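In: Sequence isn't available, so here's the structure alone:
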C-alpha cells in the first residue's frame, strides 16, 4: 500500500501524519536538550520500532517500555538501552527480565522489598546484572514509596548481588513533588549513597521540568502523536495531534443519530467531556456513545450532516490505547501512504 | 500449556471456565428451542472458531459476525451460514462481501438505499447472491429505519438483481418494539412481500423474546461468557460469568492504594458503578481507576488487603472488548488449562 493514496485504506484505519510526528519528535528532543537532561521516549504509545529509531536518531538516549514483552520485542529489534518503569513481579516474568538483562543495558523501577528480592533471585540465577531505580510515590498516588522507605530500599539494593542502585524514578514528575524528592536526596546523601539517575516522566510534567532541576532524564510517550486528552489538559494544541482514526458514516437518518463504523474496538472507550473522540471535519459534532463497531454521533449543532459513505477523521481521546487495538497503522504525508507499520508490540499482555 | 496447572500462566491472562461456558451454551440453546425459534450466536464476544463450533453443535443454525473481516476468518474456518447484522459501506468492503457470498450462505442487514445499492453493485459485479434483512430502528436508537421506509427498502431489494429480501432485523429486540414490528409486517403483507426471517438480538432482549412471538431467530453474543454488565443489568448472576482476568498485585503500600498489573490494555476502560471490574476474591474492593498497565484498587472496605505477588481474578465489565485485547485466551477446568485458544478474529478492524 506504500505509495498509494489514503483513499485505498478501508475504515476504520489509524493514520499518522508524518510531518506532525516528525515535528513532535524534534520539539521534545529540543526541549530536553535545552533543559540539559537526557530524553527517554516511552514506546507504549506507538509500540513500533521504526518510530522509536526516529526518536533515537533525534537524540534520545534509550527507550522506556512498560512490560517485559514490549522490551523483548524492542531488544529483538536492536534496541540496547531499555528501561522498564514498572514493578516486575512473578517468577516467569523476572526470569525473562534476567535473560533480557544479559543482552541489553536494562533498568527497572521498584517500590518494595518484595519486588527487589524477586528480581534479585532471577538475576542471580541467570548471572545477570539489573540496575534499579526506586520509585517515589508522586501526587498521582499510583505506585511508589516514601523518602524513608526509598533510603532503605536503596541500601538493600546496593547490598544485593547482581543488582545496582541507579537512582530514583517519579511519575508524573510534577514540580510540586520537589520537596519529597529533595528530602529523599538528602537522606541518600547522608547515607553516602550516590544517585546517578533521577528519571521523571509525564506529558504534563515535561512542561514543568525546568522547576525540578534535579532531574537527569525525562520519559514521555504520548507527545509523539498527542491526542484530545493532551489538548484538553493544555499540554498541546490540535495542530500537533498526529493521529486520526479514519471512519465511514454507515447510517444517517437524523442529524442526532448518525452512526460511524468506529467503536470501542477501534477508538476505545475513554472520553473527554463525555465525547469519545474529536471529529476534525465537524468540531461541534458529539461522538456521544460507542458500541464495539458503532460510534453514535449527534450532528445537531453542526451546519450540515454527513451522508452514508462519507469519510470522517477522528482525533482520539487517548492514542496509546488506540494503537494497541490495531495490527497496522499508516504513516501518511500529502495524502499518500508513506509507511505501513505493524504494531510490533501490540497485544502482548505480559 | 494445555494440560498444565493455571499457575503456569503469567498475568494478566484471560481464563474461561469451561464448565460455566458449556452451561451457558446449553441454557441459551434450550431457551431458543423452547421458544421454537432459531438461535444464531454472535461471535464478536469470543472471536474463536472452536467456541462457535460448540455453539453450532448445541443446535445453533449459523453465526453472526459484526465485520466482513470476522466473517472471512470464520468462512475460512469452515462456517457456511453467516449473517453480518451491519451496514457494509465502501467499495472494497462490499467487494470482499460479494466474494464471501460466493462461498457461504450470507446475509447482511441494511437500513438505507445507499447501503443496498453499494452492496448490489458489488454483488452484480461478482455475480454473487446476497440476502438482506432490513433493520427496523429499535428503542436503542442506533442504526435502523422506520416501518414506511422499511417497506420501500424491501421493495427496492426485491426488485434488484443479485439481492434477496430475507426479512427484518431488530437490535435490541425488546418486547416494547412489537407495535412498530407489527406495523411493518402489515405494510409488507399489504404489499404482498413475504417475510421469511425476523431476527432479534440482545442479551437482555432474549429474556422477553416470548413477548415477541413474530421472531423467527435470535442473535445473542455475550451470554457465552457473560460479564459484570450482564449481572448489573439483571440478565444473569455471577455464577454464570465464565471469564476472569487473572492479575497480580504489583504494589501494596496502603489498603486504599493497591496496584494490579491489569489496566486499560487488558481489562479495557468500561465501568459499572465507577468500577472497572469485579474482583472475585474481594467483592468489596473498588477497582477505581485504570492506566494502560495499572489497575488502582481500594481495599479499605475489605477485611484484609492482598500483598505484592498475590493473584486476583477479575470479572470484566464487558467481555467482548476484553477478548479483543488478547492474542490468546485460556479455557480452564478444575484448575488445569484445557484449551489454549488463539483469538482468531481479533485486531481485524475492517
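Out: Thanks, I have it. What you see is a predicted model; the values in this text were computed from it and never measured. Numbers count the residues shown, from 1 in each chain, chains lettered A, B, ... in the order given.

In: can you give me the helices in chain A?
Out: Using DSSP state H, the helices of chain A run over residues A:18-35, A:49-57, A:68-76, A:91-101, A:113-126, A:147-158, A:178-190, A:228-232, A:319-323.

In: near chain B, which residues of the stretch 251-350 of chain A show up?
Out: By C-beta under 8 Å from any C-beta of the partner chain, the part of the stretch 251-350 of chain A that sits against chain B consists of A:251-253, A:257, A:259, A:261, A:264-266, A:268-270, A:291-294, A:296, A:307-309, A:320-321, A:324-327, A:346-350. For glycine as for every other residue, the C-beta is placed from the backbone atoms N, C-alpha and C.

In: Can you give me every residue that contacts residue A:323?
Out: Applying C-beta atoms under 8 Å, 6 or more residues apart in numbering or on different chains, we find residue A:323 in contact with A:14, A:45, A:46, A:47, A:48, A:329, A:343, A:346.

In: List only buried entries from those residues.
Out: Among the contacts of residue A:323, those buried by neighbour count (16 or more other C-beta atoms under 10 Å in any protein chain shown) are A:14, A:45, A:46, A:47, A:48, A:329, A:343, A:346.

In: Do a quick rundown of the strands in the stretch 251-350 of chain A.
Out: Taking DSSP state E, counting those that start in this stretch as the test, the strands found in the stretch 251-350 of chain A are A:257-260, A:277-279, A:286-290, A:295-298, A:311-316, A:328-333, A:336-342.

In: Could you give the average pLDDT over the fifth one?
Out: The reference is to strand A:311-316. Here strand A:311-316 scores 98 as its mean pLDDT.

In: Paired strands for that strand, with orientation please.
Out: Using DSSP bridges, strand A:311-316 pairs in its sheet with strand A:243-254 (antiparallel), strand A:277-279 (antiparallel).

In: in stretch A:316-331, what's buried?
Out: A:316-326, A:328-331.

In: Which one of the residues you listed is nearest to residue A:9?
Out: Distances from residue A:9 to those, taken as C-beta to C-beta, are shortest for residue A:330 (6.4 Å).

In: May I ask you to confirm that that closest one is in contact with residue A:11?
Out: No - counting by C-beta atoms under 8 Å, residue A:330 stays clear of residue A:11, with 11.6 Å between them.

In: Near chain B, which residues of the stretch 51-200 of chain A? Just list them.
Out: A:66-67, A:86-87, A:89-90, A:92-93, A:111-112, A:114-115, A:118, A:137, A:141-145.

In: now the stretch 51-200 of chain A, which segments are flagged as low pLDDT?
Out: Of all residues in the stretch 51-200 of chain A, none has pLDDT under 70.

In: residues contacting residue A:227?
Out: Counted by C-beta under 8 Å, 6+ apart, residue A:227 has contacts A:241, A:243, A:315, A:316, A:317, A:318, A:319.

In: Report pLDDT for it.
Out: Value for residue A:227, per-residue pLDDT: 98.

In: how close does the closest residue to it other than its chain neighbours get to residue A:240?
Out: Closest residue in space to residue A:227, ignoring its immediate chain neighbours: residue A:319 at 4.3 Å, by C-beta to C-beta, 6 or more residues apart in numbering or on different chains. In this view, residue A:319 and residue A:240 are 12 Å apart by C-beta to C-beta, to the nearest Å.

In: Can I get the helices of chain A in JSON lines including distance to residue B:163?
Out: Formatted as JSON lines, the helices of chain A follow (distance: least, C-beta to C-beta, whole Å):
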{"stretch": "helix A:18-35", "distance to residue B:163": "42"}
{"stretch": "helix A:49-57", "distance to residue B:163": "44"}
{"stretch": "helix A:68-76", "distance to residue B:163": "46"}
{"stretch": "helix A:91-101", "distance to residue B:163": "54"}
{"stretch": "helix A:113-126", "distance to residue B:163": "62"}
{"stretch": "helix A:147-158", "distance to residue B:163": "69"}
{"stretch": "helix A:178-190", "distance to residue B:163": "68"}
{"stretch": "helix A:228-232", "distance to residue B:163": "40"}
{"stretch": "helix A:319-323", "distance to residue B:163": "36"}
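
In: Would you mind finding the most buried of the ones you listed?
Out: Highest mean neighbour count of the helices of chain A: helix A:319-323, a mean of 26 (counted as mean count of other C-beta atoms under 10 Å in any protein chain shown).

In: which stretches of the stretch 251-350 of chain A have low pLDDT?
Out: For the stretch 251-350 of chain A (pLDDT under 70), the answer is none.
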